[in-house]
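> Quick one, structure for this:
(chains A and B)
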Number of protein chains: 2
Amino acid sequence: MEIVGAGLLGTSVGLACRRSGVEVLLTDISSEHVRTASGLGAGRPRRADDRPALVVVAVPPDHLGTAIREALDRTAGTGAVITDVGSVKSGPLAAVADHPDVARYVGSHPMAGSERSGPLAGSASLFDGRPWAITPHLDSDVEAVELVEEMVRLCGATPVWLTPEEHDRAVARTSHVPHLVAATVASRLATAPENHLALSGQGVRDVTRVAGGDPALYGQIVTGNAEAVLALLGEVREQLDRVIAAVGAGDRDALESLLAEGVAGTRAIPGKHGGPPRPMGSVWVSVPDVAGELARLLADAVASEVNIEDIRIDHDPARPVGLVELLVEESRVEHLLGSLESRGWVTHR
Amino acid sequence: MEIVGAGLLGTSVGLACRRSGVEVLLTDISSEHVRTASGLGAGRPRRADDRPALVVVAVPPDHLGTAIREALDRTAGTGAVITDVGSVKSGPLAAVADHPDVARYVGSHPMAGSERSGPLAGSASLFDGRPWAITPHLDSDVEAVELVEEMVRLCGATPVWLTPEEHDRAVARTSHVPHLVAATVASRLATAPENHLALSGQGVRDVTRVAGGDPALYGQIVTGNAEAVLALLGEVREQLDRVIAAVGAGDRDALESLLAEGVAGTRAIPGKHGGPPRPMGSVWVSVPDVAGELARLLADAVASEVNIEDIRIDHDPARPVGLVELLVEESRVEHLLGSLESRGWVTHR
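You can find the predicted model right below:
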């Protein structure tokens, strides 16, 4: 595999895959980054005659579309799969949607990072147990999706299956908006008297930690997902107005009920991996033409708002009809079956 | 010493002070709490004939004024010092300001807690290395202030000296507003699809963690500090509006500059204790009548917005004029000297 962009994420992917002995090739516009990442053991510099089966694009958000297109171009005819690890998925896809080889591209996004950047901040364990979104589009090759999944698992991460559009709405909520709001709280500390700041406890450190991230990087990420971010920021402002009204009126009941909504939100965040395992169940779906239909099945499964924990594809070429197994929490099996059936899929109960 | 209220904080104070062999007496309206805390080693139930030298009131915010007054009443004539560990300091003081023995009361507030509550959540190390505000009022006895400081140090915490009013403005910024804003972000998760929440990483967990706290408790805390909280919430909303405008207009420069204000804020939070020690300096001030003037000196020092790391009082009764040493960061010595001199204090350079 090749990694384009030997920064924090690219170097970490290289280090993680090298643990399993995978050959990793490194490219970066900065030869120093390549030297540093190689020195850390993340791979070796790519040579002109290398033919990687997978290219992982790990460049800053503004350059994703260009870099993915460039990777598709120069791997023409090799069958190489291209993925990226960018924080927003609709924009890069739109940038290459008209490419004749777009079937070889499958976007992805690891939910891991650091306030630090560059290859020296990389770590082989950065992705251990973290969610990693895989976002096939309707034209993605099944084999491409499976190769990306294999890389995600090699990195120790847990695949989360989403369409590019659903992904962007999801990260607005779980990442971009929390980041922006943390930054507004943190901004109120910048001008505070030092004897007030001496009272800072763990709470304010936690609330504001992510706001320490690079403004240029997060500026790119947020403006690349402006629509979903704006919709949610509007909701946050409305909720903040309700809090201000409750405190201003001394309305203890209203305030407690707003705080209780916050408690419910913290409980909605799924437990970290390593918690007690929840019972899982399988949903089997017939897919007449696996190559063309898997992405459409996934889009329909995603629309049912169930978290797909795993997808297993039956590749037996002797069967006229393919079979796909979707693994979900047992309590959600019935809901997913009904939802898929109502969308015309043939399921096996 | 006696602890009134054997919940999370009261039990933790008891456990911390017992480490040094201090005798700790426990009182609570719930005899089960007293039994549990005693069983954990936080002290023993108070008997009618006990005469504690220090009473630590650790009851919920709504009951602080009443409980402090009750403690002052029943220790009349014993010279006992009363403190409390409540999250807001002006309100409880106002509730007992007319008490003839108010000189024996000195408020305090440890910057430590947990999303859990009750004696079983208590820990002897809860306060280790944490800031603990001590908030003398203008009538506080010097000896009372010193006894409270001694308890704070026994608990392993670092005293932070503030007036009650400054304290409340400070915690609005470093605790109450971050909590409320975290709750608004968390509330947006409560109704999110489960496959969106599957992308939750460490960032959103950190931003929303404090929002898991008891709504009834935080409702009491916030409404008890409504004025300072509202002023800051207004600032946060204005900043949020600027963020919304920048994202809406796709104004990358404006967004980056708002994010940079957030970065500056995270850097303004002082390093945790255990970081590299900063060079300290002393400011010596003559205090004609130590008993009456210390609180006024402290209020003036606090108004200069320098963080007072320690206060040492020269008690030599043979001196006609007392001497107080204020320990501050070396780079702030000149500023504090000038500020105190401009307020009429005699300093020693």
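
> where are the low-confidence patches of chain A?
Scanning chain A for pLDDT under 70 picks out the ranges A:115, A:272-277, A:290-292, A:315-321.

> now A:Ser331, what's its secondary structure?
helix (DSSP: H, G, I helix; E, B strand; the rest coil).

> For it, give its distance to A:Gly281.
8 Å (Cβ to Cβ, to the nearest Å). Where you see a C-beta, it was placed from the backbone N, CA and C, and this is true even at glycine.

> One more: A:Pro119?
A:Pro119 is 42 Å from A:Gly281, by Cβ to Cβ.

> Give me the more crowded residue out of those two.
A:Pro119 (27 against 16; other Cβ atoms under 10 Å in any protein chain shown).

> I figured the more buried one hits A:Thr11, correct?
Yes - if you go by Cβ atoms under 8 Å, A:Pro119 and A:Thr11 touch, sitting 4.1 Å apart.

> Determine the residues that are contacts of both of those two.
Here A:Pro119 and A:Thr11 share the contacting residues A:36-37, A:40, A:42, scored by Cβ atoms under 8 Å, 6 or more residues apart in numbering or on different chains.

> who wins for most neighbours among those residues?
Of all the shared contacts of A:Pro119 and A:Thr11, the highest neighbour tally under other Cβ under 10 Å goes to A:Ala37, namely 30 neighbours.

> Now for A:Arg349, how many residues are close by?
8.

> Could you report the distance from the closest residue to it other than its chain neighbours to A:Val285?
Leaving aside its sequence neighbours, A:Arg349 sits nearest to A:Leu337 (Cβ to Cβ, 6 or more residues apart in numbering or on different chains; 6.6 Å). Applying Cβ to Cβ, the value for A:Leu337 to A:Val285 is 9 Å.

> Check A:Ala246 too.
For A:Ala246, the distance to A:Val285 equals 47 Å [Cβ to Cβ].

> could you pull out the strands for the stretch 1-150 of chain A?
Taking DSSP state E, counting those that start in this stretch as the test, the strands found in the stretch 1-150 of chain A are A:2-4, A:25-27, A:44-45, A:54-57, A:81-84, A:107-110, A:131-135.

> Looking at those, which is nearest to chain B?
With Cβ to the nearest Cβ, the closest approach to chain B among the strands of the stretch 1-150 of chain A belongs to strand A:131-135: 5.3 Å.

> returning to what we had before: among the shared contacts of A:Pro119 and A:Thr11, which ones are in helices?
A:36-37, A:40 (DSSP state H).

> Would you reformat these as JSON lines and include distance to B:Val148?
Listed next are these as JSON lines, based on distance: Cβ to Cβ, whole Å:
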{"residue": "A:Thr36", "distance to B:Val148": "53"}
{"residue": "A:Ala37", "distance to B:Val148": "55"}
{"residue": "A:Leu40", "distance to B:Val148": "52"}
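
> can you pull the contacts of the residue nearest the centre of chain A?
Compute the mean C-alpha point of chain A, and by Cα atoms, centre = their mean the closest residue is A:His109, 2.9 Å away. Contact partners of A:His109, counting by Cβ under 8 Å, 6+ apart, are A:85-87, A:89, A:132-133, A:135, A:167, A:171.

> Quick one: the strands of the stretch 1-150 of chain A as CSV, columns for distance to B:Arg312 too.
What follows is the strands of the stretch 1-150 of chain A, written out as CSV (distance: least, Cβ to Cβ, whole Å):
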stretch, distance to B:Arg312
strand A:2-4, 59
strand A:25-27, 59
strand A:44-45, 62
strand A:54-57, 60
strand A:81-84, 60
strand A:107-110, 53
strand A:131-135, 53
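
> Out of these, indicate the one that is most buried.
strand A:81-84 (a mean of 28; mean count of other Cβ atoms under 10 Å in any protein chain shown).

> quick one: A:Glu293 and A:Val287 touch, right?
Yes - using Cβ under 8 Å, A:Glu293 makes contact with A:Val287 at a distance of 4.8 Å.

> Compute the number of surrounding residues for the closest residue to A:Pro45 other than its chain neighbours.
The shortest distance from A:Pro45 to any non-neighbouring residue, by Cβ to Cβ, 6+ apart, is to A:Val34 (5.3 Å). Neighbour count of A:Val34, defined by other Cβ under 10 Å: 25.

> What is the longest helix along chain A packed up against?
Using DSSP H to define each element, chain A has its longest helix at helix A:226-248. Under the contact criterion of 3 or more Cβ pairs under 8 Å, 6 or more residues apart in numbering or on different chains; DSSP states H and E, helix A:226-248 touches helix A:164-171, helix A:177-187, helix A:252-268, helix B:177-187, helix B:226-249.
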